[in-house]
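>>> Next one to model:
(4 chains)
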4 protein chains.
Amino acid sequence: MPPRKLQVGVAGLGRMGKRHALNFHQNVPRATLVAVSSPDVAERQWATENLAPHGVAVYENYADMIAHQGLDAICVASATAVHAEQANAAIAAGKHVLCEKPLGTTVEVSQSVVDAAAARPHLKVMCGFSRRFDSSYRDAYQKMQSGLIGRPSVLRSQTCDVLDPSGFFVAYAQFSGGIFVDCSIHDIDLALWFFGEDSKVRSVHAVGITAVEPDLRQYNDRDNAVGVVEFYDGRIAYLYASRMMAAGQEDSTEIIGTKGKLTVNIVPTDNHVRIYEPGGIRHELPQNYWGRFRAAFTTEAIEFTDCVLEDKPVPVNLTTAVTAVRIGAALQQSMITGHKISFDKNGDQLQMARL
Amino acid sequence: MPPRKLQVGVAGLGRMGKRHALNFHQNVPRATLVAVSSPDVAERQWATENLAPHGVAVYENYADMIAHQGLDAICVASATAVHAEQANAAIAAGKHVLCEKPLGTTVEVSQSVVDAAAARPHLKVMCGFSRRFDSSYRDAYQKMQSGLIGRPSVLRSQTCDVLDPSGFFVAYAQFSGGIFVDCSIHDIDLALWFFGEDSKVRSVHAVGITAVEPDLRQYNDRDNAVGVVEFYDGRIAYLYASRMMAAGQEDSTEIIGTKGKLTVNIVPTDNHVRIYEPGGIRHELPQNYWGRFRAAFTTEAIEFTDCVLEDKPVPVNLTTAVTAVRIGAALQQSMITGHKISFDKNGDQLQMARL
Amino acid sequence: MPPRKLQVGVAGLGRMGKRHALNFHQNVPRATLVAVSSPDVAERQWATENLAPHGVAVYENYADMIAHQGLDAICVASATAVHAEQANAAIAAGKHVLCEKPLGTTVEVSQSVVDAAAARPHLKVMCGFSRRFDSSYRDAYQKMQSGLIGRPSVLRSQTCDVLDPSGFFVAYAQFSGGIFVDCSIHDIDLALWFFGEDSKVRSVHAVGITAVEPDLRQYNDRDNAVGVVEFYDGRIAYLYASRMMAAGQEDSTEIIGTKGKLTVNIVPTDNHVRIYEPGGIRHELPQNYWGRFRAAFTTEAIEFTDCVLEDKPVPVNLTTAVTAVRIGAALQQSMITGHKISFDKNGDQLQMARL
Amino acid sequence: MPPRKLQVGVAGLGRMGKRHALNFHQNVPRATLVAVSSPDVAERQWATENLAPHGVAVYENYADMIAHQGLDAICVASATAVHAEQANAAIAAGKHVLCEKPLGTTVEVSQSVVDAAAARPHLKVMCGFSRRFDSSYRDAYQKMQSGLIGRPSVLRSQTCDVLDPSGFFVAYAQFSGGIFVDCSIHDIDLALWFFGEDSKVRSVHAVGITAVEPDLRQYNDRDNAVGVVEFYDGRIAYLYASRMMAAGQEDSTEIIGTKGKLTVNIVPTDNHVRIYEPGGIRHELPQNYWGRFRAAFTTEAIEFTDCVLEDKPVPVNLTTAVTAVRIGAALQQSMITGHKISFDKNGDQLQMARL
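Numbering: from 1, shown residues only, chains lettered A, B, ... in the order given. Presented below is the predicted three-dimensional model:
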């Protein structure tokens, strides 16, 4: 008798939803993609053509997919605005959940998922911080843990997307929570991972500009932003996010310790090819986040599946996802108000005022 | 009804055999590993522990595995000395074959596989030149095809293994066909791929040394070797193979054209991590061939499976595998005799003599 | 008749003073080092042994050196605390001045040099921002000017020294003006150079830690610091300075524009050598600022000499040196007080308060 | 009294002659350029405009320059065809000589300089193998000497020029001695330096093509050539030279030892700038040999001057320059005849024949 496979459904079939669906379909031997859902007719059409022939049920309503017979787990890959709601409904129905980041754009909404999961401790609920599954980040983490760089003290990290001249990200900004919650959330999670998930924030400060897309201001967003996060134990994370890279996806990180430094992807590269031509030597970059982290998404899906099938704890602590949103939202607030925001050791904001 | 999966058996469970078995087991969604075989008791023990629980049959005799009910295809990953024999037996039994390189250590033996396959044209028979499935080599090939570097004229390529201080490779040399047939065969195949598989060799010349393992001389082998292959259409491939790298696996290639140059892995790297420490900035390398080409082996297995299931031609021409052995064996001969070897346009050796 | 050579004196023979003296002595064909001065007996001893045999006069008192017959110009390379005083005395005596950065640790002191120079417009007075003379920075600047990256919008720059375990930099902090005035001043100058020297600062904010040297706190300094400078025209510079690098001097800069990005020394390197050894591939770094910018110091001295001899304007505007100190001192203040500091468009600080 | 300066004359004012003249004029504090000579009217015109105003005498006849009063040393930077003749005349006149490589295109001509120098042992006579003065090569040599890579066993080195579409190098090939004597001579000298100058050649073999300039065949030359040199003590040097690089000057070397490897300029770079733009990340290369080795030429001139003024042995053994020509000429012969050439331990060619 062949071993049991995890029956997985994917909610949302947008850019990321399609990728998650194909990922579970093609790359996770212990999982079977059995259902997908999307309110969008074109997205369902894609699924009908590409997934249905392989026995995948296609639903319009998320609630109907939850009710799919035999379904074990749901990957929530829909719009950020419904992440928490869909995750909570899945948990309520007794399904394991892998939820795309962020859980929500506010602390309250994000916390609701933690609360729901806490009420059903036998379920595996994980927020998909993809970089935690990237082999380079894991190698760096392990080297840091081994003491190679002494005490990690300063972390610089950036999430920088290629310029999309269509202006897509302006409309997107309306619901994304802003550049710090949408992009820098990854870097914030890295800081919490490398510095320790119980690190207490002392202050945040951020500035932003609209270098290429002034229309972002109507949604209180920016296209380039720099943020600084100060922790109570004498550590600093400083972050950069951008929507206007020319060469490709530039997600780089450096972890600076008292005895050394580790960098991840400091000069972004896509593969081992170098091109020598008039003008010099050139190499190409991944053109988007998926291009850089495709293998990490596969590892994420495989490990989530393993955790469910073998009843092991998921590798990323769910409460960290709330902490990350808390920091991201504070950075966004600092950027928009122009105020530095300080916290006491309980995590409560101290009042600041401009005279 | 789920789609049909290819039932695969793997012959040989040594270093490469284990990898191929796990690869088909874990990474090829459209294939099912159903059987393995090995004459070695320890290897079978490993399979009994790791594969049998997943429903994989473990055979001592290769002939018995061929007879496994429902078996569609065999991956020959045994010792080079039996590659051809096992491939031919599989073909005779009507099985599709993915055979590890080289087909054999001599032209005659290698040709026997081509002949066997020619007699059963409905079977898919492929020699596993793994670099053909590596995304960087494919990217380079595509860029060359697009005209980016003009006419490719000179190819430099090397296959360099980490020093194995156990001396394993001395015993191994007895049956490997020598460093040019065992290692440089990959670089020779790249030359044939990038220059055109009908390229005609004009001359070969090679020299070698035993820098770390003089005992290799008893088997007419060397631990470092340089070879030059001259083609009739005014192109040159020059090759280096070594068994004594300190830092890691160093398989690098450059393709020099009249208008530009492409390199693959010119500075070998394993991942995106860089380590800053007293002494400088450092990065690690894959420590063996599998570490460098793991993903390529997966692609190779997936594409072979697809070709069988969809009855498409395999991506690597089987006759090229014989041409590669012909060149590799001539280089080995040149290295041992000290003679340059020339060929006429029919591929026949011209006589050379030392006065 | 050989052409006239500039008669140069160097004030100060500490670490930098020795380098400047040798630089003028050996590498500037149109200048002759004729005098040096230092109040320190060991430093003078060094000069007596190394420079006096070549006809260089060695003075204890700076005033005496100024009076050296035929002296045309003075390179002020003494302690930061006396830069301005010595520069002003030289100007008063009608000497051209090349002054090490910073002019002073406060705006007022720095401004005094500008005022003194303004009163003697025929004299060449330049603050030695060495990076302006580095061929890589100049190449980047020229490429930016040519439009290659569109509008430069975000600049990241760092000045990071190797850890000096002797604790020298604690004592040094007493007089250096702090890490932003001592180290980041270079990065601030780069921001003013690349963004335009009339850029108006809107706000500064900084945080710092003492990761390796808590004693720095007694002098209101830190060993790692991150600062963010916001400009009124929608540009951001963000800076990092450190005293604890393990691998070497790490002075890196990136200039991010709306259409591309330029980096300078993003992965620091010393030369063209790469070392392959167990553990990977390694390269060495310059171990101090001079190691990285030696050639720039030579170019600086040569161009300063040319400007005097040919009566051309010096390439670095003196008032920029005051602006850089203004920004650096504000960053230092922000780091120590924990307050973000905002400026109106006239450059006056707006009041901030913590409730 | 200022210390004595070396009075230097430069013979030849072509591409390299101009550079050597300016180098001695601007960058060598202990030397004074006092004279130059060239039979070419345009070259002399250049000197009249650029050097004469600084007191440099300009001669049409080399013999007249030798007679220039007070002249101490001559830098021979004329056409290769007259290197030896001019060097010998200078030696006969009691002048120290820095001669551009190669001494001559044949062993006999080159040896004549060694013989002339041997007759005047008080004179300093050096062949300008510029890479010996490059800081990266020196760093690599020192690291090898320290034992970092064990016993150096294989050396790969290449000298590759940018394609000059003017076809200049066809005419040049008539007198250059061919690509191995003109370009690879540097790599051969490196092999002799790193392997030991008394290394005995066992065999050479070379092949070449005309990928871009078939007209080279009339002068028995090629535009791309690969050569292999086998030494009696179990070492191999393999070389590549090309006239058709697209990206820039590519002079790279790797020295492979039993315990590690050193590379010099394995990915050629010009400076610390990297350009991020659509298409990827790019860096520029030096566009010619001078661009790569400018600083080495300065060091060479400074050290030669020091050796004369201080009566120290020159750092490059003159006889090595003959050995290098011997090997280069044999490679050229092998490439043209198609024969491998073997030597006995006395350095005499063994006869080979093609049946």
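>>> hey, let's count contacts and neighbours off CA atoms from now on
Fine.
>>> and A:V56, how many residues sit next to it?
Applying other Cα atoms under 10 Å in any protein chain shown, we find 20 residues neighbouring A:V56.
>>> List phi and psi for it.
Torsion angles at A:V56 (phi, psi; degrees, to the nearest 10) stand at phi -90, psi 130.
>>> how close does it sit to A:G17?
In this view, A:V56 and A:G17 are 14 Å apart by Cα to Cα, to the nearest Å.
>>> Check A:G178 too.
20 Å.
>>> Likewise for A:K312?
Note on A:K312: its distance to A:G17, by Cα to Cα, is 25 Å.
>>> Which one's more surrounded, those two?
Neighbour tally, A:K312 and A:G17, criterion other Cα under 10 Å: the higher count belongs to A:G17, 23 against 13.
>>> you'd agree that one is up against A:A79?
No. Counting by Cα atoms under 8 Å, A:G17 sits too far from A:A79 to count as a contact (9.3 Å).
>>> can you tell if stretch A:216-231 touches chain C?
Yes. Contact of stretch A:216-231 with chain C (Cα under 8 Å from any Cα of the partner chain) involves A:V226, A:V228, A:E230.
>>> Mind listing the strands the helix or strand the first one falls within pairs with, and their directions?
In the assignment (DSSP states H and E), A:V226 maps to strand A:224-231. Partner strands and pairing direction for strand A:224-231 (DSSP bridges) are strand A:201-209 (antiparallel), strand A:235-245 (antiparallel).
>>> Check the offset of the helix or strand that the longest one is followed by from the chain's centre.
For strand A:235-245, the succeeding helix or strand toward the C-terminus, using DSSP H and E, is strand A:250-257. Averaged C-alpha coordinates place strand A:250-257 at 17 Å from its chain's average position (Cα atoms, centre = their mean, to the nearest Å).
>>> angle of strand A:250-257 against strand A:235-245?
For strand A:250-257 against strand A:235-245, the angle between stretch directions is 170 degrees (axes from the mean of the first three to the mean of the last three Cα atoms, to 10 degrees).
>>> pLDDT on strand A:250-257, on average?
Computed over strand A:250-257, the mean pLDDT rounds to 98.
>>> What of stretch A:141-156?
98.
>>> For that stretch, buried residues please.
Buried residues in stretch A:141-156, counted by 16 or more other Cα atoms under 10 Å in any protein chain shown: A:Y141, A:M144, A:L148, A:I149, A:R151, A:P152, A:S153, A:V154, A:L155, A:R156.
>>> neighbours around the residue in the stretch 1-150 of chain A that chain B sits nearest to, how many?
With Cα to the nearest Cα as the measure, A:S136 is the residue of the stretch 1-150 of chain A nearest to chain B, at 5.5 Å. By the criterion of other Cα under 10 Å, A:S136 has 20 neighbours.
>>> In which helix or strand does it reside?
helix A:135-145.
>>> Check what contacts that helix and list those residues.
A:131-132, A:149-150, A:152, A:194, A:262-264, A:296, B:271-273 (Cα atoms under 8 Å, 6 or more residues apart in numbering or on different chains).
>>> one more time with 6 Å, if that's ok
B:N271, B:H272, B:V273 (Cα atoms under 6 Å, 6 or more residues apart in numbering or on different chains).
>>> Name all residues that make contact with A:R156.
Listed by Cα under 6 Å, 6+ apart, the contact partners of A:R156 are A:A237, A:Y238, A:L239, A:T253, A:E254.
>>> Not counting residues beside it along the chain, what's closest to A:Q349?
Nearest residue to A:Q349, sequence neighbours excluded (Cα to Cα, 6 or more residues apart in numbering or on different chains): A:F343, at 4.3 Å.
>>> measure the one you found to A:V229 for me?
Distance, A:F343 to A:V229, using Cα to Cα: 11 Å.
>>> joint contacts of those two?
A:S203.
>>> Those two: who's more crowded?
Taking other Cα under 10 Å, A:F343 and A:V229 do not tie; A:V229 has more neighbours (25 against 18).
>>> Get me the contact residues on chain A for chain D.
A:A246, A:A247, A:Y276, A:E277, A:P278, A:G279, A:G280, A:I281, A:R282, A:H283, A:E284, A:L285 (Cα under 6 Å from any Cα of the partner chain).
>>> got the angle for whichever strand or helix holds A:L155 vs helix A:135-145?
Here A:L155 sits within strand A:152-162, counting by DSSP H and E. Interaxial angle of strand A:152-162 relative to helix A:135-145 (the same axes, to 10 degrees): 170 degrees.
>>> how far does the helix or strand that strand A:152-162 is followed by sit from the chain's center?
Using DSSP H and E, the helix or strand that follows strand A:152-162 in sequence is helix A:168-176. Remark: helix A:168-176 is offset 16 Å from the chain centroid, using Cα atoms, centre = their mean.
>>> Buried residues of the worst-scoring helix or strand of chain A on mean pLDDT, list them for me.
Every helix and strand in chain A was compared by mean pLDDT, DSSP states H and E; the lowest is helix A:168-176, with a mean of 87. Using 16+ other Cα under 10 Å as the test for burial, helix A:168-176 gives A:F169, A:V170, A:A173, A:S176.
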